[in-house]
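Colleague: I need the structure of the sequence given here:
(one chain, ligands or ions: 3)
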Amino acid sequence: MTAAATPVVVTGTGTDVGKTIATAALAALAHSTGLDAGICKPVQTGLRPGEPGDADEAARLSGTRRVLEVRRLPDPLAPETAARVARMPQATLDELLGPIRRWLDVAQDTPAPTGRLDLIEGAGGVFVRLGTDLTVLDLARSLAAPVVVVARAGLGTLSDTELTVRAIEAGGLRCAGIVIGSWPYDPDLAERLNLKDLPRLTGVPVLGRVPAGAGQLDPEEFTRHAAEWFGVDTIGELRQSRLAAIDC
Ligand SMILES: Nc1ncnc2c1ncn2[C@@H]1O[C@H](COP(=O)(O)OP(=O)(O)OP(=O)(O)O)[C@@H](O)[C@H]1O
Ligand SMILES: C[C@H](N)[C@H](N)CCCCCC(=O)O
Ligand SMILES: [Mg+2]
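Modeller: Ligands and ions are numbered 1, 2, ... in the order given. Below is the predicted model:
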(Lines give C-alpha, C1' and ligand atoms only; values in the text may rest on other atoms or scores of the structure.)
(Ligands and ions follow the chains in the order given, each with its own letter.)
Protein backbone atom coordinates (compact mmCIF):
# COMPACT_ATOMS: atom_id res chain seq x y z
CA MET A 1 0.00 0.00 0.00
CA THR A 2 1.48 3.39 -0.92
CA ALA A 3 2.14 5.33 2.23
CA ALA A 4 0.16 8.52 2.68
CA ALA A 5 1.88 11.86 2.23
CA THR A 6 4.73 11.91 4.70
CA PRO A 7 5.33 15.46 5.83
CA VAL A 8 8.73 15.88 7.48
CA VAL A 9 9.67 19.12 9.21
CA VAL A 10 13.23 20.35 8.73
CA THR A 11 14.55 22.54 11.52
CA GLY A 12 18.08 23.36 12.56
CA THR A 13 20.29 24.38 15.44
CA GLY A 14 20.05 27.94 14.18
CA THR A 15 19.92 30.13 11.10
CA ASP A 16 22.38 29.61 8.28
CA VAL A 17 23.15 26.02 9.34
CA GLY A 18 22.14 24.61 5.95
CA LYS A 19 18.42 23.80 6.34
CA THR A 20 17.65 24.86 2.77
CA ILE A 21 20.57 22.91 1.32
CA ALA A 22 19.71 19.85 3.43
CA THR A 23 16.05 20.12 2.38
CA ALA A 24 17.19 20.13 -1.25
CA ALA A 25 19.42 17.12 -0.60
CA LEU A 26 16.59 15.16 1.09
CA ALA A 27 14.26 16.02 -1.80
CA ALA A 28 16.86 14.86 -4.31
CA LEU A 29 17.34 11.67 -2.29
CA ALA A 30 13.57 11.11 -2.33
CA HIS A 31 13.44 11.56 -6.11
CA SER A 32 16.33 9.11 -6.53
CA THR A 33 14.31 6.45 -4.68
CA GLY A 34 11.23 6.98 -6.85
CA LEU A 35 9.34 9.18 -4.40
CA ASP A 36 7.70 12.44 -5.46
CA ALA A 37 9.12 15.19 -3.24
CA GLY A 38 7.49 18.46 -2.25
CA ILE A 39 9.09 21.45 -0.53
CA CYS A 40 7.29 23.98 1.67
CA LYS A 41 8.50 27.11 3.45
CA PRO A 42 5.69 28.28 5.72
CA VAL A 43 7.18 31.73 6.37
CA GLN A 44 9.98 33.30 4.33
CA THR A 45 11.58 36.49 5.61
CA GLY A 46 14.09 38.94 4.22
CA LEU A 47 13.04 38.84 0.59
CA ARG A 48 10.97 41.11 -1.62
CA PRO A 49 8.07 39.81 -3.72
CA GLY A 50 9.38 37.90 -6.74
CA GLU A 51 12.81 37.08 -5.28
CA PRO A 52 13.49 33.34 -5.09
CA GLY A 53 13.08 32.07 -1.53
CA ASP A 54 14.38 29.04 0.32
CA ALA A 55 11.75 26.74 -1.14
CA ASP A 56 12.56 27.95 -4.67
CA GLU A 57 16.30 27.43 -4.10
CA ALA A 58 15.82 23.94 -2.66
CA ALA A 59 13.46 23.08 -5.52
CA ARG A 60 15.92 24.44 -8.09
CA LEU A 61 18.78 22.32 -6.75
CA SER A 62 16.71 19.15 -6.42
CA GLY A 63 14.46 19.42 -9.46
CA THR A 64 11.38 19.46 -7.23
CA ARG A 65 8.18 20.75 -8.83
CA ARG A 66 5.76 20.80 -5.89
CA VAL A 67 6.67 23.98 -4.00
CA LEU A 68 4.72 26.03 -1.45
CA GLU A 69 5.61 29.25 0.34
CA VAL A 70 2.73 30.33 2.55
CA ARG A 71 3.80 33.77 3.75
CA ARG A 72 6.60 36.27 3.06
CA LEU A 73 7.83 39.22 5.13
CA PRO A 74 10.30 41.88 3.96
CA ASP A 75 12.86 42.18 6.73
CA PRO A 76 15.58 39.56 7.36
CA LEU A 77 14.33 38.78 10.86
CA ALA A 78 12.52 36.07 12.78
CA PRO A 79 9.02 35.89 11.26
CA GLU A 80 7.25 37.15 14.38
CA THR A 81 9.64 40.09 14.61
CA ALA A 82 9.43 40.76 10.87
CA ALA A 83 5.63 40.89 11.03
CA ARG A 84 5.76 43.33 13.94
CA VAL A 85 8.27 45.57 12.13
CA ALA A 86 6.16 45.48 8.97
CA ARG A 87 3.03 46.20 11.03
CA MET A 88 1.44 43.08 9.58
CA PRO A 89 -0.76 40.58 11.45
CA GLN A 90 1.06 37.70 13.07
CA ALA A 91 0.80 34.30 11.39
CA THR A 92 -1.58 31.89 13.13
CA LEU A 93 -1.41 28.11 13.16
CA ASP A 94 -4.62 27.82 11.16
CA GLU A 95 -3.44 30.39 8.60
CA LEU A 96 -0.34 28.29 7.94
CA LEU A 97 -1.90 24.84 8.32
CA GLY A 98 -4.76 25.49 5.89
CA PRO A 99 -2.63 25.99 2.77
CA ILE A 100 -0.16 23.31 3.86
CA ARG A 101 -2.92 20.71 4.32
CA ARG A 102 -4.47 21.64 0.95
CA TRP A 103 -1.02 21.34 -0.63
CA LEU A 104 -0.56 17.92 0.96
CA ASP A 105 -4.03 16.83 -0.16
CA VAL A 106 -3.28 17.85 -3.74
CA ALA A 107 -0.12 15.76 -3.49
CA GLN A 108 -2.23 12.84 -2.34
CA ASP A 109 -4.38 13.13 -5.47
CA THR A 110 -1.32 13.05 -7.71
CA PRO A 111 -0.51 9.39 -8.33
CA ALA A 112 3.06 8.89 -7.25
CA PRO A 113 4.88 5.65 -8.04
CA THR A 114 5.89 4.70 -4.53
CA GLY A 115 4.61 7.61 -2.46
CA ARG A 116 5.96 10.99 -1.63
CA LEU A 117 8.09 12.92 0.81
CA ASP A 118 6.93 16.43 1.70
CA LEU A 119 9.54 18.60 3.38
CA ILE A 120 8.59 21.65 5.45
CA GLU A 121 11.48 24.00 6.28
CA GLY A 122 11.20 26.15 9.38
CA ALA A 123 12.95 29.48 9.92
CA GLY A 124 16.15 29.70 11.92
CA GLY A 125 16.33 27.40 14.92
CA VAL A 126 13.59 25.35 16.51
CA PHE A 127 12.21 28.06 18.84
CA VAL A 128 12.13 30.86 16.28
CA ARG A 129 8.58 32.22 16.35
CA LEU A 130 6.62 31.98 13.12
CA GLY A 131 3.91 34.02 14.85
CA THR A 132 2.87 34.85 18.40
CA ASP A 133 3.78 31.79 20.53
CA LEU A 134 3.93 29.77 17.31
CA THR A 135 6.92 27.67 16.34
CA VAL A 136 7.63 25.12 13.66
CA LEU A 137 7.08 22.44 16.31
CA ASP A 138 3.42 23.48 16.55
CA LEU A 139 3.14 22.84 12.83
CA ALA A 140 4.92 19.50 13.17
CA ARG A 141 2.60 18.46 16.01
CA SER A 142 -0.52 19.36 14.00
CA LEU A 143 0.77 17.32 11.08
CA ALA A 144 2.11 14.43 13.19
CA ALA A 145 5.34 14.99 11.33
CA PRO A 146 8.76 13.81 12.43
CA VAL A 147 11.44 16.47 12.66
CA VAL A 148 14.91 16.47 11.12
CA VAL A 149 17.58 18.67 12.70
CA VAL A 150 20.20 20.28 10.48
CA ALA A 151 23.37 20.90 12.47
CA ARG A 152 26.85 22.29 12.06
CA ALA A 153 29.77 19.90 11.79
CA GLY A 154 32.31 21.43 14.12
CA LEU A 155 33.13 22.37 17.70
CA GLY A 156 30.03 23.75 19.38
CA THR A 157 27.52 21.55 17.62
CA LEU A 158 27.18 18.95 20.40
CA SER A 159 25.33 21.17 22.86
CA ASP A 160 23.35 23.07 20.20
CA THR A 161 22.17 19.84 18.60
CA GLU A 162 21.33 18.06 21.83
CA LEU A 163 19.36 21.11 23.01
CA THR A 164 17.40 21.10 19.74
CA VAL A 165 16.69 17.36 19.81
CA ARG A 166 15.57 17.53 23.43
CA ALA A 167 13.29 20.48 22.65
CA ILE A 168 11.66 18.45 19.86
CA GLU A 169 11.15 15.43 22.10
CA ALA A 170 9.93 17.59 25.02
CA GLY A 171 7.31 18.88 22.58
CA GLY A 172 6.01 15.31 22.16
CA LEU A 173 7.52 14.90 18.70
CA ARG A 174 9.88 12.34 17.22
CA CYS A 175 13.25 13.55 15.98
CA ALA A 176 13.98 11.42 12.92
CA GLY A 177 17.65 12.33 12.91
CA ILE A 178 20.40 14.84 12.20
CA VAL A 179 21.79 16.08 8.89
CA ILE A 180 25.11 17.92 8.83
CA GLY A 181 24.40 20.92 6.61
CA SER A 182 27.94 21.48 5.40
CA TRP A 183 30.51 18.71 5.81
CA PRO A 184 34.10 19.95 5.30
CA TYR A 185 36.43 18.46 2.68
CA ASP A 186 39.10 18.08 5.36
CA PRO A 187 37.31 17.54 8.71
CA ASP A 188 39.27 18.40 11.84
CA LEU A 189 39.44 16.29 15.02
CA ALA A 190 36.25 17.73 16.55
CA GLU A 191 34.30 17.30 13.32
CA ARG A 192 35.36 13.69 12.96
CA LEU A 193 34.57 12.86 16.59
CA ASN A 194 31.24 14.69 16.45
CA LEU A 195 29.96 12.10 13.99
CA LYS A 196 30.09 9.53 16.77
CA ASP A 197 29.22 11.82 19.68
CA LEU A 198 26.14 13.38 18.07
CA PRO A 199 24.14 10.11 17.89
CA ARG A 200 25.51 8.94 21.24
CA LEU A 201 24.51 12.11 23.09
CA THR A 202 21.23 12.88 21.29
CA GLY A 203 19.94 9.33 20.85
CA VAL A 204 19.08 9.97 17.19
CA PRO A 205 21.07 9.00 14.09
CA VAL A 206 23.14 11.20 11.83
CA LEU A 207 21.15 10.58 8.66
CA GLY A 208 23.60 12.24 6.34
CA ARG A 209 26.20 14.89 5.59
CA VAL A 210 25.88 17.38 2.76
CA PRO A 211 29.39 18.19 1.50
CA ALA A 212 30.55 21.79 1.75
CA GLY A 213 30.16 23.34 -1.67
CA ALA A 214 27.23 21.12 -2.68
CA GLY A 215 25.01 24.20 -2.81
CA GLN A 216 27.16 25.53 -5.64
CA LEU A 217 26.75 22.38 -7.76
CA ASP A 218 24.50 22.60 -10.78
CA PRO A 219 21.17 20.80 -10.20
CA GLU A 220 22.11 17.85 -12.38
CA GLU A 221 25.31 17.23 -10.36
CA PHE A 222 23.48 17.90 -7.07
CA THR A 223 20.72 15.40 -7.77
CA ARG A 224 23.19 12.86 -9.15
CA HIS A 225 25.23 12.83 -5.95
CA ALA A 226 22.59 13.42 -3.26
CA ALA A 227 21.99 9.73 -2.53
CA GLU A 228 25.71 9.38 -1.65
CA TRP A 229 25.31 11.87 1.18
CA PHE A 230 22.82 9.83 3.21
CA GLY A 231 22.63 6.47 4.92
CA VAL A 232 20.97 3.71 2.93
CA ASP A 233 17.79 3.71 5.01
CA THR A 234 17.28 7.44 5.44
CA ILE A 235 13.92 7.48 3.66
CA GLY A 236 12.85 4.44 5.65
CA GLU A 237 13.82 6.13 8.91
CA LEU A 238 11.86 9.27 7.97
CA ARG A 239 8.74 7.29 7.11
CA GLN A 240 9.10 5.01 10.11
CA SER A 241 9.48 8.03 12.41
CA ARG A 242 6.25 9.51 11.09
CA LEU A 243 4.40 6.38 12.19
CA ALA A 244 6.12 6.67 15.56
CA ALA A 245 5.09 10.33 15.78
CA ILE A 246 1.47 9.28 15.30
CA ASP A 247 1.84 6.48 17.86
CA CYS A 248 3.42 8.58 20.59
N1 LIG B 1 26.63 22.14 1.95
C2 LIG B 1 26.65 23.40 1.49
N3 LIG B 1 27.23 23.70 0.31
C4 LIG B 1 27.27 24.98 -0.12
N5 LIG B 1 26.75 26.04 0.50
C6 LIG B 1 26.15 25.77 1.67
C7 LIG B 1 26.05 24.46 2.23
N8 LIG B 1 25.37 24.53 3.40
C9 LIG B 1 25.06 25.83 3.56
N10 LIG B 1 25.53 26.57 2.54
C11 LIG B 1 25.41 28.02 2.36
O12 LIG B 1 25.36 28.63 3.63
C13 LIG B 1 24.32 29.61 3.65
C14 LIG B 1 23.26 29.16 4.66
O15 LIG B 1 22.72 27.92 4.21
P16 LIG B 1 21.13 27.77 4.18
O17 LIG B 1 20.50 28.91 3.45
O18 LIG B 1 20.80 26.39 3.70
O19 LIG B 1 20.85 27.91 5.74
P20 LIG B 1 19.44 27.87 6.45
O21 LIG B 1 19.62 27.14 7.71
O22 LIG B 1 18.42 27.39 5.49
O23 LIG B 1 19.19 29.43 6.77
P24 LIG B 1 17.76 30.12 7.13
O25 LIG B 1 17.64 30.03 8.61
O26 LIG B 1 17.95 31.53 6.62
O27 LIG B 1 16.70 29.38 6.40
C28 LIG B 1 23.75 29.68 2.23
O29 LIG B 1 24.46 30.70 1.51
C30 LIG B 1 24.09 28.34 1.66
O31 LIG B 1 24.23 28.36 0.25
C1 LIG C 1 16.45 36.02 7.71
C2 LIG C 1 16.49 34.56 7.43
N3 LIG C 1 15.52 34.30 6.41
C4 LIG C 1 16.27 33.64 8.60
N5 LIG C 1 15.48 32.50 8.19
C6 LIG C 1 15.62 34.21 9.82
C7 LIG C 1 16.27 33.62 11.03
C8 LIG C 1 15.78 34.21 12.31
C9 LIG C 1 16.68 33.84 13.48
C10 LIG C 1 16.20 34.49 14.76
C11 LIG C 1 17.13 34.17 15.94
O12 LIG C 1 17.27 32.97 16.29
O13 LIG C 1 17.76 35.11 16.45
MG1 LIG D 1 16.72 28.26 4.72
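
Colleague: only C-alpha atoms from now on, for both contacts and neighbour counts.
Modeller: Noted.

Colleague: which SSE is Ala58 in?
Modeller: helix 54-62 (DSSP states H and E).

Colleague: what comes into contact with the helix or strand that that helix is followed by?
Modeller: Sequence-wise, the next helix or strand downstream of helix 54-62 (DSSP H and E) is strand 66-73. Residues outside strand 66-73 that contact it (Cα atoms under 8 Å, 6 or more residues apart in numbering): 37-49, 55-56, 59, 79, 82-83, 86, 96, 99-100, 103.

Colleague: just those residues that are near ligand 2?
Modeller: Among those, the ones lying near ligand 2 by Cα under 6 Å from any ligand atom are 45-46.

Colleague: mind checking which of the contacts of strand 66-73 are in helices?
Modeller: Taking DSSP state H, the ones among those that sit in helices are 55-56, 59, 79, 82-83, 96, 99-100, 103.

Colleague: may I ask which of those has the most neighbours?
Modeller: Each of the ones in helices among the contacts of strand 66-73 was scored for neighbours by other Cα atoms under 10 Å, and Pro79 scores highest at 30 neighbours.

Colleague: neighbours around the nearest residue to Pro184 once chain neighbours are set aside, how many?
Modeller: Spatial nearest neighbour of Pro184, excluding adjacent residues (Cα to Cα, 6 or more residues apart in numbering): Ala212 at 5.3 Å. Here the count is done by other Cα under 10 Å, and Ala212 has 15 residues near it.

Colleague: repeat that for Arg239.
Modeller: Around Arg239 there are 23 residues (other Cα under 10 Å).

Colleague: pretty sure it sits in a strand.
Modeller: No. With DSSP: H, G, I helix; E, B strand; the rest coil as the criterion, Arg239 is assigned helix and is not in a strand.

Colleague: any idea how far it lies from ligand 1?
Modeller: 22 Å (Cα to the nearest ligand atom, to the nearest Å).
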